[in-house]
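Novice: Predicted structure and sequence below. I'll ask about it afterward.
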Amino acid sequence: MKLLIADDDKTFCHLLSAEMGAKGWRVTIAADAMQIMYALRVQPNVIVLDIQMPGGTGITALKKLKASTKTSGIPVLVVSGSTEATMESTLVQAGAARYIAKPVDVESLRTAIEELARSRAS
């Protein structure tokens, strides 16, 4: 399985990459919104996307992902530290498969990623 992590938080990326790598996943990291489209060449099974990143917003990236026939079927799990009350509904409307607020428990995030990968494979 392949995972794309799009987040500028190096610590978060390292922790999640180590957790998923230990489970046999191949992980690619995009540190800003501009790198996401380039990183899609790996054709990930799941994308973990942060909302606030350099180079553009995660919401814009999510909309682009869902508008493309090449990437529209990839489940996107959005993580964000945003405290905006309407964030979850905005993200679901934009095409997110799931939303998890930061700070994130890595074990819970791993479980959510694996569930999304299984649901896509079904």
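Specialist: That came in fine, so what should we check first?
Novice: From here on, just use CA atoms for contacts and neighbour counts.
Specialist: Will do.
Novice: What ranges does the chain have for its strands?
Specialist: With strands called from DSSP state E, the chain shows them at 2-6, 26-30, 46-50, 52-53, 56-57, 76-80, 98-101.
Novice: which one of these has the lowest average pLDDT?
Specialist: Out of the strands of the chain, strand 56-57 stands lowest, with a mean of 78 (criterion: mean pLDDT).
Novice: Name every strand pairing with that strand and say which way it goes.
Specialist: strand 52-53 (antiparallel) (DSSP bridges).
Novice: Quick check: closest non-adjacent residue to M1.
Specialist: W25 (5.0 Å; Cα to Cα, 6 or more residues apart in numbering).
Novice: OK, contacts around that neighbour?
Specialist: Shown in contact with W25 (Cα atoms under 8 Å, 6 or more residues apart in numbering): 1-3.
Novice: Could you give me the buried positions within stretch 18-37?
Specialist: With burial defined by 16 or more other Cα atoms under 10 Å, the residues of stretch 18-37 counted as buried are 19-20, 27-34, 36.
Novice: Adding distance to F12, write those residues out as TSV.
Specialist: Shown next, in TSV, are those (distance: Cα to Cα, whole Å):
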residue	distance to F12
E19	11
M20	12
V27	13
T28	13
I29	11
A30	12
A31	11
D32	14
A33	16
M34	19
I36	17
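Novice: Pick out whichever of those residues sits closest to D8.
Specialist: A31 (4.5 Å; Cα to Cα).
Novice: beta partners for the most centrally placed residue in the chain?
Specialist: The residue lying closest to the centre of the chain (Cα atoms, centre = their mean) is V48, at 1.4 Å. V48 has these beta-bridge partners by DSSP bridges: I5, L77.
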